[in-house]
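J.: Please find the sequence and the predicted model below.
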Amino acid sequence: MRLRSLLPVLLAGLAASAGTASAQDLTGTLKKIKETGQIALGYRDSSVPFSYLDNNQKPVGFAMDICYKIVDAVKSELKLDKLEVKLNPVTSATRIPLIANGTVDLECGSTTNNVDRQKQVAFTNTHFLTANRFVAKKSSGLTKFEDLKGKTVVSTSGTTNIKQINEYNADKKLGITILPAKDHAEAFLMVETGRAAAFVMDDVLLASLAASSKEPTAYAISTDALSKPEPYGIMLRKDDAPFKKVVDGATAAFYKSAESGPTYDKWFLKPIPPRDINLNLPMSDALKHAFAKPSDSPDPAAY
């Protein structure tokens, strides 16, 4: 009789011990989030429409929406009643160091997933595919990369784009003067004000900057590209398999869901803040394939 009365107490104790052990077994980012009750998202201020500031200086965009889906998944995985989201600004130059040193847990933006970067950080499943082109004023007559011979061009520091244009310039011996800008907004302004003839960057970002400018019809994007379509991915810390499993699961579920199409349309086919511009960029067949079969591969051929 006494054993029967003690059984519920013993079972409750075992359950509590199992719960404690489970919490203690957490490692890396999941352990940090569980202990602090916070997750840190890195955002960009001008990577339209992926991650940028609206008229209320609030970070919004396609990549931000994806990151909030990941936040929901982490909250569920850790069985938290509440999970505070800390928003931390990052730039092309600071995004990788801030992920690596633990300041930021997820970088929600327009970062190209490539082999070199995977030596420093990890990426989740691809959320966009883009190519490296340039934007210039139509009046300049610049339409191909060979037209940039002897010109001054700009690209954002810390990006694959500035690396590729430097390599192209050296290989073709075109005598291009290449200036680094701290961010995309500054780079586009240099073309707007005539300090640079062209801005070399991902085509989707160039399209958004041109559409947001004072004279959208005054600009044209190059007909050729320096790269095949390259994948964008949300960045996270390297060698953190438990956290990556949660992040990959969340993004794969979202991309394959009925919700991903309308979310894409919201940012690429409808007016977006702060100026109600419409990028009019339908989802490509390659991206549809990437969403149907989510992958974190850095290889453009995989898409």
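T.: In hand now; what should we look at?

J.: For the stretch 51-200 of the chain, which segments count as strands?
T.: Ranges of strands within the stretch 51-200 of the chain are 51-53, 59-60, 84-89, 106-108, 121-123, 128-130, 132-137, 152-156, 177-181, 198-202, based on DSSP state E, counting those that start in this stretch.

J.: tell me the average confidence for the fifth one?
T.: What strand 121-123 shows for mean pLDDT is 98.

J.: for it, packing partners?
T.: If contacts are counted by 3 or more Cβ pairs under 8 Å, 6 or more residues apart in numbering; DSSP states H and E, strand 121-123 sits against helix 95-100, strand 235-237. Using the backbone N, CA and C atoms, a C-beta is placed for each residue, glycine as well.

J.: same for the longest one, what does it pack against?
T.: Contact analysis of helix 95-100 by 3+ Cβ pairs under 8 Å, 6+ apart lists strand 38-43, strand 106-108, strand 121-123, strand 235-237 as its packing neighbours.

J.: and those strands, which is most packed in?
T.: strand 106-108 (a mean of 27; mean count of other Cβ atoms under 10 Å).

J.: circling back to that earlier point, of the helices and strands packed on strand 121-123, which approaches residue 193 most closely?
T.: Judged by Cβ to Cβ, the one of the helices and strands packed on strand 121-123 that comes nearest to residue 193 is helix 95-100, at 26.6 Å.

J.: what does the closest one contact?
T.: 42, 88, 90, 104-105, 107, 109, 111, 117, 120-121, 158, 235-238 (Cβ atoms under 8 Å, 6 or more residues apart in numbering).

J.: contacting residues around residue 274?
T.: With Cβ under 8 Å, 6+ apart, residue 274 has these contacts: 54-55.

J.: 10 Å instead, please
T.: 48, 52-57, 60, 212 (Cβ atoms under 10 Å, 6 or more residues apart in numbering).

J.: Is it possible to mark the buried ones in the residues you listed?
T.: For these, a burial check counting by 16 or more other Cβ atoms under 10 Å picks out 48, 52-53, 60, 212.

J.: Check which residues of stretch 176-187 are buried.
T.: 176, 178, 180-181, 183-185, 187.

J.: all helices in the stretch 151-300 of the chain, in order from the N-terminus.
T.: Along the stretch 151-300 of the chain, counting by DSSP state H, counting those that start in this stretch, helices occupy 160-172, 184-192, 203-212, 241-256, 260-268, 285-292.

J.: and residue 27, which of the helices and strands packed on strand 121-123 is closest to it?
T.: strand 235-237 (11.4 Å).

J.: still on that earlier bit, closest one of the contacts of helix 95-100 to residue 140?
T.: For those, the closest approach to residue 140 (Cβ to Cβ) belongs to residue 158, at 26.3 Å.

J.: doesn't residue 112 make contact with that closest one?
T.: No. Residue 158 lies out of contact with residue 112 (Cβ atoms under 10 Å); the separation is 11.2 Å.

J.: Show me how far stretch 75-90 is from its chain's centre.
T.: Here stretch 75-90 shows a centroid-to-chain-centroid distance of 18 Å under the convention Cα atoms, centre = their mean, to the nearest Å.

J.: residues of that stretch that come out buried?
T.: 75, 77-78, 83, 90.

J.: same question for it, mean pLDDT?
T.: 98.

J.: what's in contact with stretch 238-250?
T.: Counting by Cβ under 10 Å, 6+ apart, 25-33, 66-67, 69-74, 76-78, 99-100, 105-106, 117-125, 234, 236-237, 294-296 sit against stretch 238-250.

J.: just to revisit the earlier point, could I get the helices and strands packed on helix 95-100 in CSV, plus columns for distance to residue 169?
T.: Shown next, in CSV, are these (distance: least, Cβ to Cβ, whole Å):
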stretch, distance to residue 169
strand 38-43, 31
strand 106-108, 28
strand 121-123, 27
strand 235-237, 28
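
J.: Thank you, goodbye.
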